[in-house]
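Peer 1: fold the following and give me the result.
(chains A and B)
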Protein chains: 2
Amino acid sequence: MDLKNARERLAKIQAKHAAYDHALEIISYDGMTTAPKGTAQNRARALSVLTEDIYKMSTSKNTEKLLEALDARKDELTEAEKRQVFLLLKSFRDMKKIPMDEYVAYQVLLVEADDVWHKAKETSDFALFEPYLEKIFETNKRFAGYLDPSKKPYDYWLNEFEEGLNMKICDKFFGRLKERLVPLIEKAVKKPQVDDSVLKGNFSDAKQEELAEYLMKLIGLDTDHVGLGTTEHPFTTTIGSHHDVRITTNYKKDDFSSSMFSVIHEGGHALYETGANDEFAYTVLDGGVSMGIHESQSRFYENILGRSRGFCDYIFPELCRIFPSVKKYTADDFYKAVNKVQPSLIRTEADEVTYCLHVMIRYELEKRVMAGELKVHDLPGEWNRLYKEYLGVGVPDDRRGVLQDSHWSGGMIGYFPSYALGSAYGAQFLKKMKETVDVDGDIAKGDFSKVNEWNRQNIWQYASLYTPAQLLKRVLGKDFDPDCYLDYLEEKAKSVYGV
Amino acid sequence: MDLKNARERLAKIQAKHAAYDHALEIISYDGMTTAPKGTAQNRARALSVLTEDIYKMSTSKNTEKLLEALDARKDELTEAEKRQVFLLLKSFRDMKKIPMDEYVAYQVLLVEADDVWHKAKETSDFALFEPYLEKIFETNKRFAGYLDPSKKPYDYWLNEFEEGLNMKICDKFFGRLKERLVPLIEKAVKKPQVDDSVLKGNFSDAKQEELAEYLMKLIGLDTDHVGLGTTEHPFTTTIGSHHDVRITTNYKKDDFSSSMFSVIHEGGHALYETGANDEFAYTVLDGGVSMGIHESQSRFYENILGRSRGFCDYIFPELCRIFPSVKKYTADDFYKAVNKVQPSLIRTEADEVTYCLHVMIRYELEKRVMAGELKVHDLPGEWNRLYKEYLGVGVPDDRRGVLQDSHWSGGMIGYFPSYALGSAYGAQFLKKMKETVDVDGDIAKGDFSKVNEWNRQNIWQYASLYTPAQLLKRVLGKDFDPDCYLDYLEEKAKSVYGV
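Peer 2: Numbers count the residues shown, from 1 in each chain, chains lettered A, B, ... in the order given. Down below sits the predicted model:
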């Protein structure tokens, strides 16, 4: 093997995959933002052809031979190339374990499921979505069996979203959170409740969009490379490379904070994506390494920065300018409102303290369905029961219950724990960051430059070069510790409720 | 050859091309509507990979053998299959005549050129766009040489947009138009000028969008399959199959008629596309047969129906509802305003009578650049000179001059004559349609159903099954006659100016 030539081929294979991913991503993004309602079948046709070709590319004998030859000479490769070879070999070998027709059928299923989920959510009709969700769970179980029969299916998928994660670790992590969160919430809700009427009113989409665009610039997004769209459920997606990232939001007419914090959250994802080393563009290293690290960034910007005292003070005059009804209130009203601890229905709008309970409910349910202990048909009932048990709230309809999130329709079973894990990583990053950056002082001045630079240097630039565990070790110099997050949450509750 | 098997392969090849076209079309549509500004290079990367793969698919020996085998047994094929084999063989053989790297480079050039054209138009800076336009003209000439060296390059491209068209036919056609249009315009402009202030004011994008959506439904578009976007230059594009069509418009703050008639124009294109026989979806027969026939539909809806007395009367109350400033006027004021004969700067906003002069200017310029008689560098000067000569108007800047249309940045040299030709086809279709449909009566009631059904039966359903000439012969039972269009225009001018 001629190493120079092999390296060129390695780059070309990745560039080719990036182009096909670009096509899939933009077809899917268009479907969720812009496409006319009746076009899902049409998209499914295109996706099935392209997915089949990607499957063939990924399982080609020539490519495998090349990767194996490079793997055999990995000592001569750069750190980045070594990781590329490792990740490509893993993903291509995984691909081969799934029969092509099943792989393609699953991609088509997801397009249709997304379409049906939208309709089901609109009309709060779980029965409409149920057969699709059943197929999705069933397929994820089956694929896990193909991919690693030695693991329990749910463990397989947890590890896919966060390398190293499994149910044992999750149980321990969530157990610890519960130990300290439940009493904290009990204390907070006994206190006189915060008045959050500063957030409520009648806010036009246009005004909320103005705020969204302001926030994107404020937190340091390069809007030449990051676009904003509107969807039922906010998300971030990268189109082909980190040079084109799209975030979406959803405007609630009666509460501007919903979109506001969605934008900052998705903005955090977009900062991580766009902050990758430019040399990683069009390679498999482009894009965040895991959903846990991703959520550590999104929830860092949304909560640790976005719901901080300094940020609330800084943003308040701008809010008054855009939404005149806010003028009746003070910055302190706003700070307390966005940090009001209140068990509620919707995960994406939950306060920081109760947030992880929403995640735990989803984790419990996924775990039981994946283990065959719970039927998809019984998910709404169990969802409602757990919301009563964990959060003490009654779920009025499936739209605000089991149908609220888009993850399951997108096949992302095993994703949810990343939100809690990422939030906890973020608190530990903050502690480390504060050793060298005046985070509170800078954010109170609306200055994100040093915070962003710290994240870029320590996290963003590496994209997928290191595993989550390696990255945490590099950044923190020590192991992950969830109590750091719990300390942070207790301090936050104290600042609002004095508990 | 097993015919059954070969037919299946024929269908599969076309489905595959449809999927790749879907990807290219949506990448490009996203680029023009939604994508962040700085992402053109990123799109170019993806397009160059996908285009290269399309090139390889199109020039594969196996596919050629299959098509030749089917061609040899064409008597056993259906009419549709026969035409599919013919069109595929033609396009694949054409593809082979262009070296792959040049073909891919041209697709990348077009992405970049579109990006630069937008910037150049914004700042009225032709010099910025000039090198790209030069390369586009140069490449189109070079490709024409590869594709059919026996033809003059411009004749080659005219025929690509309208099978059978060449400079000789165009010269004769435009000559005849000039003979009757120039005196007609002279007569009209001598009359007391029409007051078109009913169209002017301050109209929000949201209100204009409301009108656009109303119009789309009114003319019979199925908005589950036809979407509306906003772009610098309005256009229509089909994504993968006729089940997903997008039209775009552009809102002028001070004149609602600009977007209004763009929407009806692009709506006509979309009716043609979506009206195709469903069996043609995912085959090469899907989509309109030529730009002439396409423009016959778009300009039929925009002008023959949209600027008719009956339609103006019907739509007027709705306009008053959406735009209160219109209430001061009468439906007759509106009818005259949208039919005001006035030599002007912008083709897409020109009245019906002067419209073809805009087309002739572009035709003249393209012809001369393609023949090497005019340099791209000298286009702005010549553009301005011809606008003075043909239309008597001074061009204040290139934004409203040579940079106004998006066709050249899209590589569509030879397209413009289709607008005039299509307008003329449309007048002849109208005459024929009136033999069986009460067009004026129906449209005055806002009832498009019978008109649409006539177009569907006679034109839309066939998509690309027949050549333009065959289709005209089938529909009209006689040859094309431009004087029918000139009669129509004289009648229109008479109804407004009494000349």
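
Peer 1: so what's the residue in the stretch 301-450 of chain A that chain B sits nearest to up against?
Peer 2: For the stretch 301-450 of chain A, the residue closest to chain B is A:Ile322, as judged by C-beta to the nearest C-beta, at 17.6 Å. In short, each C-beta sits where N, CA and C put it, glycine included. Applying C-beta atoms under 8 Å, 6 or more residues apart in numbering or on different chains, we find A:Ile322 in contact with A:Lys207, A:Glu210, A:Leu211, A:Tyr214.

Peer 1: residue contacts, the second one?
Peer 2: Read that as A:Glu210. Listed by C-beta under 8 Å, 6+ apart, the contact set of A:Glu210 reads A:Ile322.

Peer 1: which SSE is immediately downstream of the helix or strand where it lies?
Peer 2: Assignment of secondary structure by DSSP states H and E places A:Glu210 within helix A:205-218. Downstream of helix A:205-218, the first helix or strand assigned by DSSP H and E is strand A:226-230.

Peer 1: any idea of the mean pLDDT in that following strand?
Peer 2: Averaged across strand A:226-230, pLDDT comes to 97.

Peer 1: and whichever helix or strand comes after it, what does it pack against?
Peer 2: For strand A:226-230, the succeeding helix or strand toward the C-terminus, using DSSP H and E, is strand A:236-238. Strand A:236-238 sits against helix A:3-33, strand A:245-249, helix A:256-274, with contacts defined as 3 or more C-beta pairs under 8 Å, 6 or more residues apart in numbering or on different chains; DSSP states H and E.

Peer 1: output those in a markdown table; the columns should cover mean pLDDT.
Peer 2: Formatted as a markdown table, these follow (pLDDT from 0 to 100):
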| stretch | mean pLDDT |
| --- | --- |
| helix A:3-33 | 97 |
| strand A:245-249 | 98 |
| helix A:256-274 | 98 |
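
Peer 1: how does chain A divide up, domain by domain?
Peer 2: Following the assignment in automatic domain parsing, chain A carries domains at A:3-161, A:167-497.

Peer 1: Three-state assignment for A:Val194, please.
Peer 2: coil (DSSP: H, G, I helix; E, B strand; the rest coil).

Peer 1: show me the contacts for it.
Peer 2: Contacts for A:Val194 (C-beta under 8 Å, 6+ apart) come out as A:Lys336, A:Ala337, A:Asn339, A:Lys340, A:Val341, A:Val496, A:Tyr497.

Peer 1: make sure the last one is actually in contact with A:Ala188.
Peer 2: Yes - with contact taken as C-beta atoms under 8 Å, A:Tyr497 and A:Ala188 are classed as touching, separated by 4.8 Å.

Peer 1: more neighbours: which of these two?
Peer 2: A:Ala188 (24 against 21; other C-beta atoms under 10 Å in any protein chain shown).

Peer 1: disregarding residues adjacent in the polypeptide, which is nearest to the more buried one?
Peer 2: In space, and not counting its chain neighbours, A:Ala188 is closest to A:Val341: 4.0 Å by C-beta to C-beta, 6 or more residues apart in numbering or on different chains.

Peer 1: surely the one you found is within a strand?
Peer 2: No - looking at A:Val341 with three-state DSSP, it is coil, so not inside a strand.

Peer 1: follow-up on the earlier one: pull up the overlap in contacts between A:Tyr497 and A:Ala188.
Peer 2: A:Val341.

Peer 1: up against chain B, what does the stretch 101-250 of chain A have?
Peer 2: Residues of the stretch 101-250 of chain A lying near chain B by C-beta under 8 Å from any C-beta of the partner chain: A:206, A:222-227, A:229, A:239-241, A:243-244, A:246.

Peer 1: relative to chain B, which of these is nearest.
Peer 2: Nearest to chain B among those is A:Asp224, at 3.2 Å by C-beta to the nearest C-beta.

Peer 1: so what's the residue nearest to that closest one when sequence neighbours are not counted up against?
Peer 2: Once flanking residues are discounted, A:Asp224 sits nearest to B:Gly38: 3.2 Å by C-beta to C-beta, 6+ apart. By C-beta under 8 Å, 6+ apart, the residues touching B:Gly38 are A:Asp222, A:Asp224, A:His225, A:His243.

Peer 1: would you confirm that the last one contacts B:Gln41?
Peer 2: Yes - counting by C-beta under 8 Å, B:Gln41 is a contact partner of A:His243 at 7.1 Å.
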